[in-house]
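Novice: My questions are about this predicted structure, shown below with the sequence.
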Amino acid sequence: MARYQVILAYDGTGFTGSQIQASSRTVQGELESALRKLGWSGRSVIMAGRTDTGVHATGQVAAFDFEWRHSMQKLLNALNADLPADLAVKDLQPAGTHFHPRFDAVSRRYRYRLICDPIRDPLREKFVWRVWPDVDGNALKRNAKIFLGTHDFAAIGSPTTPRGTTVRTVTKSEWRILPDGEWQFEVQADAFLYRMVRRLVFVQVAVAQGRCPVEKVEHALEKQGKLLAGLAPAHGLTLVNVTYGSHD
């Protein structure tokens, strides 16, 4: 019996999140179904983290124990043959016996995509959030830096467990604009609160549209004060990668 680590990519549109649920289509459920077709009899696949309904991934990580007597390439090919079109195993590697995708992770990186346009764009809006009025790009770039470092993000997200801490350390928080006018927000941290990235994006857009003073955001980080209610839509968000130490 060996443990395998896989990197998953998926279009989250048709999934009720990544974590398995009894009566909904999920990433974990589809992966376990494909494994069972190959003779896997494990209890559960271990996921690096939970993504919400509609959130995408290019670097979700999962692990499972499996008695497989052929090459890893054949296992990767066999899994992809049985997985649906909106989910793929991008890489498969052997992992240490005690490797845990969630608890061994040292950081996670997300990307959020945004466009500013008064007219809807049906072909792009499956994967980006279209907003209007326009944003102040300089404000986006400048204000993203206030989230860097270790803060109590209680005003931004909810703890992932009932007694969990809301303190997180953010090591990357920056916006860039592409030649086609698309804005991308990249954020990396040791861990994230529930819906934290979508809240971060929503608050920053509110500031960049002049609907919320940046001083209020700074005060919320320092004193856990209240901020505008709201979330950026899930379909603009992608889990890009999960980083590990010796298991990377």
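Specialist: Received the coordinates, thanks.
Novice: going forward, measure contacts and count neighbours with C-alpha atoms only.
Specialist: Noted.
Novice: which residue lies farthest from the center of the protein?
Specialist: In the chain, Arg69 marks the outermost C-alpha relative to the chain mean, sitting 33.1 Å out by CA atoms, centre = their mean.
Novice: Quick check: that one is in a helix.
Specialist: No. Checked against DSSP: H, G, I helix; E, B strand; the rest coil, Arg69 lies outside a helix; its state is coil.
Novice: Relative to Leu38, how far out is it?
Specialist: Separation of Arg69 from Leu38 (CA to CA, to the nearest Å): 11 Å.
Novice: any low-confidence regions in the chain?
Specialist: Residues of the chain meeting the criterion pLDDT under 70: 246-248.
Novice: Repeat the analysis, applying 50 as the threshold.
Specialist: Within the chain, the stretches with pLDDT under 50 are 247-248.
Novice: Gln93 contacts Tyr4, doesn't it?
Specialist: Yes. Between Gln93 and Tyr4 there is a contact at 5.7 Å, judged by CA atoms under 8 Å.
Novice: between those two, which one's more packed in?
Specialist: Neighbours were counted for Gln93 and for Tyr4 using other CA atoms under 10 Å; Tyr4 has more, 18 against 13.
Novice: Could you chop this structure up by domain?
Specialist: 2-95, 106-244 (automatic domain parsing).
Novice: Tell me where the protein has helices.
Specialist: Along the chain, the segments classed as helices by DSSP state H run 27-37, 72-82, 137-143, 196-208, 214-223.
Novice: where's the nearest residue to Thr150 once chain neighbours are set aside relative to Arg36, distance?
Specialist: Excluding its sequence neighbours, the residue lying closest to Thr150 (CA to CA, 6 or more residues apart in numbering) is Thr169, at 4.1 Å. For Thr169, the distance to Arg36 equals 38 Å [CA to CA].
Novice: neighbour-wise, which of those two wins?
Specialist: Taking other CA under 10 Å, Thr169 and Arg36 do not tie; Thr169 has more neighbours (18 against 14).
Novice: residue contacts, that one?
Specialist: With contact set as CA atoms under 8 Å, 6 or more residues apart in numbering, Thr169 has these partners: Leu148, Gly149, Thr150, His151, Ala189, Asp190, Ala191.
Novice: Go again with 6 Å.
Specialist: Neighbour list for Thr169: Gly149, Thr150, Ala189, Asp190 [criterion: CA atoms under 6 Å, 6 or more residues apart in numbering].
Novice: For the last one, give me its contacts.
Specialist: By CA under 6 Å, 6+ apart, the contact list for Asp190 reads Val106, Ser107, Thr169.
Novice: Same list, these, but as TSV with distance to Ala229 please.
Specialist: Formatted as TSV, the contacts of Asp190 follow (distance: CA to CA, whole Å):
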residue	distance to Ala229
Val106	30
Ser107	27
Thr169	23
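Novice: So which of the residues you listed is the closest to Leu239?
Specialist: Ser107 (11.5 Å; CA to CA).
Novice: quick one: the residue lying closest to that closest one once chain neighbours are set aside from Arg50, how far?
Specialist: Nearest residue to Ser107, sequence neighbours excluded (CA to CA, 6+ apart): Asp190, at 4.1 Å. Counting by CA to CA, the separation of Asp190 from Arg50 is 15 Å.
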